[in-house]
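>>> Here is my input; please provide its structure:
(4 chains, ligands or ions: 4)
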Amino acid sequence: MTADGGPELVQLLTPEGERVHHRDYDVDLTPDELRALYRDLVLVRRVDAEATALQRQGELGLWAQLLGQEAAQVGSGRALRPDDFAFPTYREHGVAWTRDVDPLQLLGLFRGVTNGGWDPHDHNFALYTIVIGDQTLHAVGYAMGIQRDGTDRAVITYFGDGATSQGDVNESFVFASVYNAPVVFFCQNNQWAISEPLERQTRIPLYKRAAGFGFPGVRVDGNDVLAVLAVTRAALQNAREGNGPTLIEAFTYRMGAHTTSDDPTRYRVAADLEAWKLKDPIERVKVYLARSGLADHDFFDAVEAEAETLAIGLREGCRSLPNPEPESLFDHVYAEPHSLIDSEREEFVRYHASFAGGQH
Amino acid sequence: MTADGGPELVQLLTPEGERVHHRDYDVDLTPDELRALYRDLVLVRRVDAEATALQRQGELGLWAQLLGQEAAQVGSGRALRPDDFAFPTYREHGVAWTRDVDPLQLLGLFRGVTNGGWDPHDHNFALYTIVIGDQTLHAVGYAMGIQRDGTDRAVITYFGDGATSQGDVNESFVFASVYNAPVVFFCQNNQWAISEPLERQTRIPLYKRAAGFGFPGVRVDGNDVLAVLAVTRAALQNAREGNGPTLIEAFTYRMGAHTTSDDPTRYRVAADLEAWKLKDPIERVKVYLARSGLADHDFFDAVEAEAETLAIGLREGCRSLPNPEPESLFDHVYAEPHSLIDSEREEFVRYHASFAGGQH
Amino acid sequence: MAVTTMAKAINAGLRKALENDPKVLLMGEDIGKLGGVFRVTDGLQKDFGEARVIDSPLAESGIVGTAVGLAMAGYRPVVEIQFDGFVYPAFDQIVTQVAKHRARSSGRTPMPITIRLPFGGGIGAVEHHSESPEAYFAHTAGLRVISPSNPVDAFVMVQQAIASDDPVIFLEPKRRYWDEADLDDTVDIALAQSPYAARVVRQGTTATLACYGPMVRTCLEAALAAEADGLDLEVIDLRSVSPLDIPTVAASVRKTGRLIVVHEASVFLGIGAELAARITEECFYALEAPVLRVGGYHTPYPPSRLDEEYLPDLDRVLDAVDRALAY
Amino acid sequence: MAVTTMAKAINAGLRKALENDPKVLLMGEDIGKLGGVFRVTDGLQKDFGEARVIDSPLAESGIVGTAVGLAMAGYRPVVEIQFDGFVYPAFDQIVTQVAKHRARSSGRTPMPITIRLPFGGGIGAVEHHSESPEAYFAHTAGLRVISPSNPVDAFVMVQQAIASDDPVIFLEPKRRYWDEADLDDTVDIALAQSPYAARVVRQGTTATLACYGPMVRTCLEAALAAEADGLDLEVIDLRSVSPLDIPTVAASVRKTGRLIVVHEASVFLGIGAELAARITEECFYALEAPVLRVGGYHTPYPPSRLDEEYLPDLDRVLDAVDRALAY
Ligand SMILES: Cc1ncc(C[n+]2csc(CCOP(=O)(O)OP(=O)(O)O)c2C)c(N)n1
Ligand SMILES: Cc1ncc(C[n+]2csc(CCOP(=O)(O)OP(=O)(O)O)c2C)c(N)n1
Ligand SMILES: [Mg+2]
Ligand SMILES: [Mg+2]
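Ligands and ions are numbered 1, 2, ... in the order given. Alright, predicted model coming up:
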């Protein structure tokens, strides 16, 4: 498979920062909107870098980096309406940002103080899903709910190249297609599933999978925030208008390790990384803004400064994230009273009191 | 979706018994081979009819009829080499016939005297699989074994239109494609999954599913034994030559009920049945043989007589199928000694002996 | 009041739930025009439409997974799994999502999902149509697992399951679908007994039989037969296997001193194991014999001609009673 | 003889199996170049090639399902499931095919499949990486379920699992991967103790602790600590949870009169339930206290900051011992 994504790749902004046109897709953004996208990209990358640092410092048990996937996530996230609903994996920190989830809330799961972190309904952004593929069926179910509500909201679900091999993901294609559900399948093809290259999951470009299920698939330059925005907007609009699902393959690259526990040097060559560095999703926007006089040094400096402040806040916030109360183990397992939970909680309290009593 | 299968339908023998040509597929059969196919079709239909009757008489608990699917099964089964391996569902009585499985052995499962019935290795024909889709992964695994053995054998797996929605079936497409396994996916699209029409499983023709996974798909007239034979032979040859999997959609119709416990009048109209009667898989072969002078009355009568004998043997054989020994419950669960099985068997024997002893 | 089968009682309960709450949806294979292979949903799609009584694609994980999404969107999905042996493809969605999602979201996203599962053997079916998977679900925190033993309970309990904000595995004893009883379909489920409370269905003093679903009738028949031998057996219909109503069983055992647990599922790590462990802990000094268990063997469900050899019946129950009394 | 970690001991066992039988294959996610996320398969693809050490697509049902087909074709697949919480998508293939196929075929088609499952908590991981699903598999007829507690057993038992014609769920106590021991990698597994036999790893008289996998070390530490209080605890490493070695445990209980079962999995319908029920039946008159159980609560595995509150530790084991002695 072509490393550059091939001719089918939808692109509006080249790696060199040149604005190009595409016969099917375009965006018309104000200077403010363009600068806002740049700001998103920079702040999201900074959040990711800071979280990675916090893991190194032992403040987080793990972190799944998005480095390199900022444009795919910001572009698609900004294409959403506030009342649309998004279903992420565990790596969608950039999408979370566009859904106004406080970055600090993302850290809880990785620090081990919660298995969730935010209120999905406040942000129309589901909790992170760790078990590969599960969330794609939830997205289709949610979209079926929208059809029954009779509104024009849409749903987007994120998943990776590796996830496309899971039965659940393919079943979600079947259900979405058969019910013509208003859902966008957003696959970030970052070329790797931990140590396994794309070739372990497919022998043809992933966007073509959709054709097998009877709905459109499109491959977009995942490092081009404008193209991702345009393509995702079109797919969402399509869903709103009752034309059913679309599969978007965002062709990108996982610049970091799979997670902070991973060691990519065992399975991939530095050369690839170097090649992809030239396609950086942020640099091209910066060049474009500067060249076209849409932003000056003051603006870039201001964004840097804002990133710095954000990072400091995140660092302090993380250290002060409270540990869960031991007894909270038993909270929320059931909505209604449960005799076994009650007796185990009682026993738990008795046991811990026995220490206070110095019995041990 | 077009009820007649559309222009993509591969056909070599029209419903009217006219031999037509196709740009990609053909078969060159001797008169003996043609007559043999007709004999297969008639005998297989008779086995099915007899089993259905035996269920009505209470000799079988259930029967899954193949009525209408004889050509799809005989044509594909006869395309196999003896050393190829086939993975059926619960309806492949016609394929079993081509694998020299004694029809009587098919009845055991439906009579409730066994959960299997024959030795898969004697016939290179796996046991019936009732859980929808499971066997497609077994087929791919078996094909991976063949790749490691380094032989030119091939594998075929059968499944229905409804099965295409199962995660396992789609995962089998992924694995076969990624490993380029020598397997043929043979989907009998009989238009129904119990009471659910094809539209509940897909909104495009099923053979197109393969394109989404990177291998060829073809739709063949499932009621045309010659076309099925030609298409399946080509796909198997492809697999042998290292070109990987093919999906064959055999476009046919379930002329009977889903099983003898089903009542199709609740969910489908008689008109469809009438339309499909005109496409009967056996009649067209008979007309062709007669018209082209390849067979005469004596031949047709002889086949009828043979069918009658077969039916009588099946009837008698079925009634005399022995019930399993109660203690056989514990046989074969494990290959090696197992303390729990041993103690339960002991207890079982003690308990039953207590009756003999008249304790109760 | 009308004489009704369990299948029809569940149908009536589903109808009431659909009438009372527009958010209630039914999903499953062949539940529409066909009315399900057991006709439990007969007529419901006709009356409530295809948007609320949904014929699903043939994929159990997809059915349960989309039900999770519908629950997140504010609906109350009632999923039918066609047979016990076909629930396993949905196991990940049930164990990983349905059971755990509420806790994961700190209670923000409840999972008011009911999974209807016809279970158990004795209907002369082919493989995969006679299994008893309840222990898998009972061992899974976050799920509730209940089973009615008669039409009246079936009618009430299915509505209670649907009304619950917790996910409920609703086990339908398929071989009892045709059992009949007088049903008053005007009963107010709000006032009905909790589905998590066991019920003493027969008072006795000699020994206690604890059972649920299809085995309740079997145990009552055994108790009746035992009368002849002068044995006075108490029979408890557990109704819920997760949670278990320990106090009710313990009270009975303190009276009888002996407990036999009966279920179709394999004895090894079946519900009887948990009940035996807990009751022994609760009633250590009251027990005059160890808790005995009557159930399936550690084998796959056999070909149906062995149904009778495999399934607990009146005689096997009484044999266990004899063994308990021998202590 | 060399000091080896459990992870390296399993690696050595896999290597031996690959060397001794050309039909042995390893399958799983990231087991090739990466050597698995725990490096248990480190170097094996390099030495045995991609045809025998297979990086699979990301689909657990597909991995186990193709392993079934490979077994039918005469191979001995050894499947790695990356973490306990990711085994559920394969549940149908495991329960419906791997476990039952041999019986279905009347013994004609054995399923010599080993499923390696790193299990248990205590490594500070995110959700789904700390679960103990053994009861699901132990309740499933047709499977064998074993777990080593130390590097030496790990080395031998993984080879015994692979050599077995029965499917084996091989539970690897991931938090003990880095425990070390002297390993003699020349031992002949044919002469080694059966993996289905429990082992008394500490002689004692006061009470018996029965455990397996990660809890064996915990129980030995508890026994050591108890010495101070003059308690002489016997510790049994069950090694196999299906089947259970009842005679060995019963013999111990007849001596000590008291049994505490310890595991990480939820107590409700956990292995302890079965052991309690059976031992109570076997040793009814010998038991001076009910069998007590120490294990996980009926909750999802909590966020890792609660690892210590959730997992059985030395103190919780001793608390149970105190309660048992109070009878
Ligand atoms: C069902 C399941 N199996 C295995 C894993 C372990 N795992 C976590 S991430 C991952 C790779 C995912 O790759 P991809 O889908 O491409 O997403 P990416 O991590 O590249 O964003 C694996 C195998 C899991 N989380 N869930
Ligand atoms: C996993 C699973 N779910 C449900 C069933 C019940 N069931 C048996 S056959 C069938 C329909 C299958 O339709 P199709 O795949 O088209 O095959 P056909 O019966 O038409 O040959 C269903 C739902 C099953 N056997 N397995
Ligand atoms: Mg990836
Ligand atoms: Mg069909």
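
>>> Now for C:Glu134: which residues touch it?
Each residue near C:Glu134 by Cβ atoms under 8 Å, 6 or more residues apart in numbering or on different chains is listed here: C:119, C:145, C:147, C:169, C:171, C:241, C:263, C:265, C:271. For glycine as for every other residue, the C-beta is placed from the backbone atoms N, C-alpha and C.

>>> Tell me the spacing between it and ligand 1.
To ligand 1, C:Glu134 is 25 Å away according to Cβ to the nearest ligand atom, to the nearest Å.

>>> Skipping its backbone neighbours, what lies nearest C:Ala138 in space?
Counting by Cβ to Cβ, 6 or more residues apart in numbering or on different chains, C:Ala138 lies nearest to C:Ser242, which is 3.8 Å off, once chain neighbours are set aside.

>>> Give the bridge partners for that neighbour, please.
C:Val145 (DSSP bridges).

>>> Quick check, it in contact with C:Val145.
Yes - taking contacts as Cβ atoms under 8 Å, C:Ser242 lies within contact range of C:Val145: 4.1 Å.

>>> Please enumerate the shared neighbours of the two.
C:137-138.

>>> sorry, back to before: which one of the contacts of C:Glu134 is nearest A:Glu8?
C:Ile169 (46.1 Å; Cβ to Cβ).

>>> that's a strand at the closest one, yeah?
Yes - counting by DSSP: H, G, I helix; E, B strand; the rest coil, C:Ile169 is part of a strand.

>>> Please tabulate the contacts of C:Glu134 in JSON lines, including the columns pLDDT and neighbour count.
Output for the contacts of C:Glu134, formatted as JSON lines (pLDDT from 0 to 100; neighbours: other Cβ atoms under 10 Å in any protein chain shown):
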{"residue": "C:Phe119", "pLDDT": "98", "neighbour count": "28"}
{"residue": "C:Val145", "pLDDT": "98", "neighbour count": "26"}
{"residue": "C:Ser147", "pLDDT": "98", "neighbour count": "30"}
{"residue": "C:Ile169", "pLDDT": "98", "neighbour count": "29"}
{"residue": "C:Leu171", "pLDDT": "98", "neighbour count": "25"}
{"residue": "C:Val241", "pLDDT": "98", "neighbour count": "26"}
{"residue": "C:His263", "pLDDT": "98", "neighbour count": "28"}
{"residue": "C:Ala265", "pLDDT": "98", "neighbour count": "25"}
{"residue": "C:Ile271", "pLDDT": "98", "neighbour count": "29"}
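
>>> Which two of those have the greatest separation?
C:Ile169 and C:His263 (14.8 Å).

>>> Could I get the full set of helices for the chain?
No chain was given, so I picked chain A. Per DSSP state H, chain A carries helices over the ranges A:31-56, A:70-79, A:93-98, A:103-111, A:120-123, A:134-149, A:167-179, A:225-240, A:270-277, A:283-291, A:297-319, A:339-356.

>>> Correction: the question concerned chain C.
Under DSSP H, chain C gives helices at C:6-20, C:44-48, C:60-72, C:91-92, C:101-104, C:134-138, C:151-163, C:215-228, C:246-256, C:271-282, C:307-310, C:314-325.

>>> Please identify the deepest-packed of these.
The highest mean neighbour count among the helices of chain C, using mean count of other Cβ atoms under 10 Å in any protein chain shown, belongs to helix C:60-72: a mean of 29.

>>> Show me what it is packed against.
Judged by 3 or more Cβ pairs under 8 Å, 6 or more residues apart in numbering or on different chains; DSSP states H and E, helix C:60-72 is in contact with helix A:134-149, helix A:167-179, strand C:24-28, strand C:76-80.

>>> For ligand 2, which of those is the nearest?
Checking the helices and strands packed on helix C:60-72 against ligand 2 by Cβ to the nearest ligand atom gives strand C:24-28 as the closest, at 9.7 Å.

>>> In contact with the residue nearest the centre of chain A, which residues?
In chain A, the C-alpha nearest the mean C-alpha coordinate belongs to A:Glu92, at 1.9 Å (Cα atoms, centre = their mean). By Cβ under 8 Å, 6+ apart, the contact list for A:Glu92 reads A:66, A:73, A:86, A:128, A:158.

>>> Quick one: which of the residues you listed is the most crowded by neighbours?
Most neighbours among the contacts of A:Glu92, by other Cβ atoms under 10 Å in any protein chain shown: A:Gln73, with 31 neighbours.

>>> Thought A:Thr89 was touching it, still the case?
No - using Cβ under 8 Å, A:Gln73 is not in contact with A:Thr89, being 10.7 Å away.

>>> quick one, what contacts the nearest residue to C:Gly85 once chain neighbours are set aside?
In space, and not counting its chain neighbours, C:Gly85 is closest to C:His128: 2.9 Å by Cβ to Cβ, 6+ apart. Shown in contact with C:His128 (Cβ under 8 Å, 6+ apart): B:130-131, C:83-86, D:96.

>>> circling back: among the contacts of A:Glu92, name the ones in strands.
Judged by DSSP state E, these include A:86, A:158 as members of strands.

>>> Please tell me the pLDDT value assigned to the residue of the stretch 151-300 of chain A found nearest ligand 1.
In the stretch 151-300 of chain A, the residue that lies nearest ligand 1 is A:Gly160 (2.3 Å; Cβ to the nearest ligand atom). Per-residue pLDDT puts A:Gly160 at 98.

>>> I'd like to know how far it sits from D:Met27.
Using Cβ to Cβ, to the nearest Å, A:Gly160 is found at 21 Å from D:Met27.
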